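Undergrad: need a 3D model of the sequence below.
(one chain, ligands or ions: 1)
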Amino acid sequence: MLVKSYKIIEILPCLVDPEKTRVIAMISEDVSGVLPYINAIDKNAIYTKNANTLTLPKSERLITIHPRKIAITKLKDEQEAKKILDETIKLINETFKKKSEIKPDYERRKRPNFLDIYKLLPKTNCRKCGELTCFAFAAKLVKEEIVITRCSSIFESGYKNNREKILKILQGSGFEIPVDLK
Ligand code: SF4
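TA: Numbering: from 1, shown residues only. Got it, this is the predicted structure:
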């Protein structure tokens, strides 16, 4: 058995769906080495080698496994979080046990659509992010050459809906999102 225990360290409102909660749990062991193996057996998984994360989209919910923590969105309550954490730990441990039978997959499967992101940006070309245009920012964002937090305008209250949509797209593609935004 690789992971022996976990501890929920944060229960926060879900940014994608504010009526629900998101949970972050610390796990007792580093699971980095198992992520490419889960990526190989779960065709919906989104593995990000540079960030060392694996995102599993499950019934509208995103489960992101980091080396030492698991973040889950769109939860009803803590009880549901524990159930999904138990299932995720079981997946990690069972995959770890069968590692010798699986060929690891280090490839990422999906990138967000550039236009989907661009349409949701403020499109003011204010340059606060350091780019000349929102268009240039979107192009760099989908290639992971810049992070969403560089666009301070999208974090203003008037852009709440668009911000939530962008974060949902980025999370769904396994992008690294700062923990306090998840
Ligand atoms: S900071 Fe945001 S709104 Fe301003 S140019 Fe960059 S992407 Fe566009």
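Undergrad: show me what the lengthiest helix in the chain is packed up against.
TA: Assignment by DSSP state H gives helix 78-97 as the longest helix of the chain. Contact here means 3 or more Cβ pairs under 8 Å, 6 or more residues apart in numbering; DSSP states H and E; on that basis helix 78-97 packs against strand 6-13, strand 21-27, helix 35-41, strand 61-65, strand 69-75. The C-beta positions use only the backbone N, C-alpha and C, and glycine is treated the same way.
Undergrad: among these, which is nearest residue 141?
TA: Each of the helices and strands packed on helix 78-97 was scored for nearness to residue 141 using Cβ to Cβ, and the closest is strand 61-65 (18.1 Å).
Undergrad: what packs against that closest one?
TA: Using 3+ Cβ pairs under 8 Å, 6+ apart: strand 61-65 touches strand 53-58, strand 69-75, helix 78-97, helix 160-172.
Undergrad: next structured bit after the third one?
TA: Heading C-terminal from helix 78-97, the first helix or strand you meet, by DSSP states H and E, is helix 114-120.
Undergrad: give the buried residues for stretch 130-142.
TA: The neighbour-count check on stretch 130-142 (16 or more other Cβ atoms under 10 Å) flags 131, 133, 134, 136, 137, 138, 139, 141, 142 as buried.
Undergrad: er, stretch 118-131 I mean
TA: Here stretch 118-131 shows 118, 120, 121, 122, 129, 131 as buried, counting by 16+ other Cβ under 10 Å.
Undergrad: stretch 42-52 now?
TA: 42, 45, 46, 47, 48, 51, 52.
Undergrad: residue 171 is nearest to which of the helices and strands packed on helix 78-97?
TA: Going by Cβ to Cβ, the one of the helices and strands packed on helix 78-97 nearest residue 171 is strand 61-65, 5.1 Å.
Undergrad: mind listing what the closest one pairs with, with the direction of each?
TA: Strand 61-65 pairs in its sheet with strand 53-58 (antiparallel), strand 69-75 (antiparallel), by DSSP bridges.
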